[in-house]
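Undergrad: Give me a 3D structure for the following:
(one chain, ligands or ions: 2)
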Amino acid sequence: MGKYIINGGKKLAGEVNISGAKNAVLPILAATVVGQNRSTIFNTPNLRDVEIMEKILLSIGCVVDRMDNIIYVDSRQLNSFVIPDDLVREMRSSIILMGAMLSRCGEVIISYPGGCEIGPRPIDLHLKALKEMGVTIEESHGFLHCKCEKLQGCEIQLDYPSVGATENTILAAVKAKGTTIIRNAAREPEIIDLQTYLNKCGAKVSGAGTSIIKIEGVDKFKDVKHTIISDRIVAGTYMAASTITGGEVVLKNIEIDYIQAIVAKLKEAGSLVYYDSNSLKIVGPKKLNSIEMVQTLPYPGFPTDMQAQMMALLSIANGTSIISETVFENRFKHAEELIRMGANIKIIGRVAVVKGVKELTGAKVKSKDLRGGASLVLAGLTAKGTTEVDNICHIERGYEDFDLKLRELGADIEKVK
Ligand SMILES: CC(=O)N[C@H]1[C@@H](OP(=O)(O)OP(=O)(O)OC[C@H]2O[C@@H](n3ccc(=O)[nH]c3=O)[C@H](O)[C@@H]2O)O[C@H](CO)[C@@H](O)[C@@H]1O
Ligand SMILES: C=C(OP(=O)(O)O)C(=O)O
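TA: Numbering: from 1, shown residues only. Ligands and ions are numbered 1, 2, ... in the order given. As a prediction, the model looks like this:
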């Protein structure tokens with residue numbers, strides 16, 4: 001397993017190109033199986049999770065070809081509705097194949113998904129929505145056998161605006177009989193990207209980005225070309241890297257509207273932000289301000305996927321900050337590692353009280369999940385001395401060429417096996 005060795009204290013400066021969004025490309029790759037068609041997907045990030053999704057598609061008979069950041073999927077010869085258990089366990093997004101495969105085959109055998117350990121991640125809302133569409137689900141030994149002769153459009157009220165449940169329901173509904181309405185749908189930008197992809201294929205989806213999504217079932221899908229939106233969490237992480245090092249970084253290829261909740265908090269912490277069409281410059285302050293409250297919420301609130309990075313920043317701010325994690329039950333595992341680096345953090349249930357210290361010091365730390373791992377890298381960039389971040393396989397699930405891009409910005413970071 002690899003690790004990053006970071007010698008802290010370098011101010012980051014220069015330009016960084018933001019890759020396509022992991023959380024957009026994964027459901028779109030799952031959606032490529034819905035029709036008997038060919039999809040060419042541009043701006044695909046080179047990530048471990050994407051590789052796993054490619055392997056899953058290959059294993060069920062799709063032709064998959066990758067050239068740099070372009071993935072081609074031909075799903076016309078799909079020949080299996082059994083999703084390999086070992087691959088499903090590798091990542092959360094594999095569960096989106098449930099809705100997609102039901103649309104395509106009327107049947108799917110899939111196990112419970114894996115992914116980051118950030119608290120229990122049930123799929124009850126996914127299953128409830130599918131049952132309402134007429135799907136029968138048999139569960140045994142961790143496997144789900146889902147079946148439906150013809151999916152039936154209906155009105156679905158989600159108890160919580162779950163991103164995955166919204167995506168699964170959209171995919172189950174695109175070829176269903178009649179119209180499906182999802183209320184209290186998740187409003188994340190990645191769902192808008194899924195809608196855009198599906199409509200290019202010939203689907204009739206509207207309302208993504210709002211809490212009511214309407215899907216009219218269609219019979220046929222056509223070949224499609226689609227470009228994935230830029231990753232707002234990767235953008236946020238590089239903005240945080242500039243902020244924590246007092247640097248001056250320009251981010252290229254970003255979706256300015258989608259990162260506003262993050263920008264607002266980084267400005268509160270003292271950063272200056274300048275926009276230029278689809279790029280921005282972020283200048284970090286000499287000393288960071290504490291923030292009264294960072295509360296994670298579904299979009300357009302502050303993203304839970306930026307909470308850990310924010311904690312790293314606030315650990316060296318002037319004063320005490322409160323972080324409230326409302327989306328996941330147990331997403332503070334990075335706190336104990338930051339404490340090893342000298343941070344002063346107390347966890348009380350879903351709230352973290354972060355008392356800013358003068359500086360962090362390098363230490364040997366372990367990444368336990370994707371964003372927690374990124375937060376340790378940020379801490380290492382500012383810490384005095386050398387930081388070793390172990391278990392970077394988690395980080396590589398979500399950041400393309402992280403060490404390389406940080407090095408190009410002037411960081412002293414090296415990846416060792
Ligand atoms: C691949 C992907 O897009 N992952 C993102 C997606 O995950 P994911 O789609 O798993 O997140 P959800 O929005 O579904 O989960 C949010 C909350 O709802 C709960 N829940 C969810 C489904 C369900 O059936 N029952 C239930 O109780 C979860 O345990 C969690 O507490 O949205 C999260 C919230 O923005 C992000 O952190 C993840 O990066
Ligand atoms: C939690 C995340 O991803 P996943 O849902 O794929 O585990 C994330 O991207 O921060």
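Undergrad: Give the residue spans of this protein that score low on pLDDT.
TA: Using pLDDT under 70 as the threshold, the predicted model of the chain has no low-confidence range.
Undergrad: Show me it divided up by domain.
TA: Using automatic domain parsing, the domains assigned to the chain come out as 3-19+230-416, 22-227.
Undergrad: Any chance of a markdown table for those, columns distance to ligand 2 and mean neighbour count?
TA: The way it works is simple: take the backbone N, C-alpha and C, and place the C-beta from them, glycine included. Output for these, formatted as a markdown table (distance: least, C-beta to the nearest ligand atom, whole Å; neighbours: other C-beta atoms under 10 Å):
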| stretch | distance to ligand 2 | mean neighbour count |
| --- | --- | --- |
| domain 3-19+230-416 | 4 | 20 |
| domain 22-227 | 3 | 20 |
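Undergrad: To ligand 1, which of those domains lies closest?
TA: Using C-beta to the nearest ligand atom as the measure, domain 22-227 is the one of the domains of the chain that comes nearest ligand 1, at 3.0 Å.
Undergrad: touching ligand 1 at all, that closest one?
TA: Yes: Domain 22-227 comes into contact with ligand 1 (C-beta under 6 Å from any ligand atom), by way of 23, 26, 92-93, 121-126, 160, 162-165, 186.
Undergrad: Stretch 234-251 now?
TA: No: no part of stretch 234-251 sits close enough to ligand 1 to count as contact by C-beta under 6 Å from any ligand atom; the gap is at least 11.8 Å.
Undergrad: picking that back up, out of the residues of domain 22-227 next to ligand 1, who's nearest residue 143?
TA: residue 123 (12.9 Å; C-beta to C-beta).
Undergrad: Checking the residue lying closest to the closest one once chain neighbours are set aside next. Helix, strand or coil?
TA: Closest residue to residue 123 apart from its sequence neighbours, by C-beta to C-beta, 6 or more residues apart in numbering: residue 95 at 5.9 Å. Secondary structure, DSSP: H, G, I helix; E, B strand; the rest coil: residue 95 is helix.
Undergrad: Equivalent analysis for the one 3 residues further on, please.
TA: On the three-state scheme (three-state DSSP), residue 98 is labelled helix.
Undergrad: Tell me who's in contact with residue 77.
TA: Under the criterion of C-beta atoms under 8 Å, 6 or more residues apart in numbering, the neighbours of residue 77 are 61, 62, 63.
Undergrad: now these in a markdown table, with secondary structure?
TA: Below are these laid out as a markdown table (three-state DSSP):
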| residue | secondary structure |
| --- | --- |
| 61 | coil |
| 62 | coil |
| 63 | strand |
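Undergrad: would you turn these into TSV with distance to residue 42?
TA: Written out in TSV, the entries for the contacts of residue 77 read as follows (distance: C-beta to C-beta, whole Å):
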residue	distance to residue 42
61	24
62	18
63	18
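Undergrad: just those residues now: which is nearest residue 335?
TA: Nearest to residue 335 among these: residue 62, at 41.1 Å, using C-beta to C-beta.
Undergrad: Chain neighbours aside, what residue packs nearest to that closest one?
TA: Taking C-beta to C-beta, 6+ apart, and ignoring the residues beside it in sequence, residue 62 has residue 75 as its nearest neighbour in space, at 4.8 Å.
Undergrad: List the contacts of the one you found.
TA: For residue 75, the contacting residues are 32, 33, 34, 35, 36, 37, 38, 39, 57, 62, 104, by C-beta under 8 Å, 6+ apart.
Undergrad: In strands only, show me these.
TA: For the contacts of residue 75, the ones inside strands are 38, 39, with DSSP state E as the criterion.
Undergrad: Throw the contacts of residue 75 into JSON lines and include distance to residue 287, thanks.
TA: Formatted as JSON lines, the entries for those read as follows, by distance: C-beta to C-beta, whole Å:
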{"residue": "32", "distance to residue 287": "48"}
{"residue": "33", "distance to residue 287": "51"}
{"residue": "34", "distance to residue 287": "52"}
{"residue": "35", "distance to residue 287": "55"}
{"residue": "36", "distance to residue 287": "59"}
{"residue": "37", "distance to residue 287": "55"}
{"residue": "38", "distance to residue 287": "54"}
{"residue": "39", "distance to residue 287": "49"}
{"residue": "57", "distance to residue 287": "49"}
{"residue": "62", "distance to residue 287": "52"}
{"residue": "104", "distance to residue 287": "55"}
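Undergrad: from the contacts of residue 75, which is closest to residue 131?
TA: The shortest gap between residue 131 and any of those belongs to residue 104, at 18.8 Å (C-beta to C-beta).
Undergrad: ok, the closest one touching residue 34?
TA: Yes: using C-beta atoms under 8 Å as the test, residue 104 is close enough to residue 34 to be in contact (5.5 Å).
Undergrad: intersection of neighbour lists for the two?
TA: Common contacts of residue 104 and residue 34 (C-beta under 8 Å, 6+ apart): 75, 175.
Undergrad: In contact with the residue nearest to residue 151 when sequence neighbours are not counted: list those residues for me.
TA: If you skip the residues right next to it in sequence, residue 151 has residue 176 as its closest partner in space, 3.8 Å away by C-beta to C-beta, 6+ apart. Under the criterion of C-beta under 8 Å, 6+ apart, the neighbours of residue 176 are 103, 133, 150, 151, 152, 153, 215, 217.
Undergrad: Look up how far residue 203 lies from the first one.
TA: I take that to be residue 103. The gap separating residue 103 from residue 203 is 10 Å, by C-beta to C-beta, to the nearest Å.
Undergrad: Dump stretch 118-135 to CSV, restricted to CA.
TA: Listed in CSV are the C-alpha atoms of stretch 118-135, where the atom choice follows Å, rounded to 0.1, in the frame of the first residue of the first chain:
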residue,chain,number,x,y,z
ILE,A,118,-18.2,7.0,7.2
GLY,A,119,-21.0,5.5,9.2
PRO,A,120,-23.7,3.1,8.3
ARG,A,121,-24.8,3.6,4.8
PRO,A,122,-28.1,1.8,4.4
ILE,A,123,-29.9,1.5,1.0
ASP,A,124,-33.5,1.3,2.4
LEU,A,125,-34.6,4.4,0.5
HIS,A,126,-33.3,2.9,-2.8
LEU,A,127,-35.2,-0.4,-2.1
LYS,A,128,-38.4,1.3,-1.0
ALA,A,129,-38.5,3.4,-4.2
LEU,A,130,-37.9,0.3,-6.4
LYS,A,131,-40.6,-1.7,-4.6
GLU,A,132,-43.0,1.1,-5.3
MET,A,133,-42.2,0.7,-9.0
GLY,A,134,-43.2,-3.0,-8.8
VAL,A,135,-39.8,-4.6,-8.1
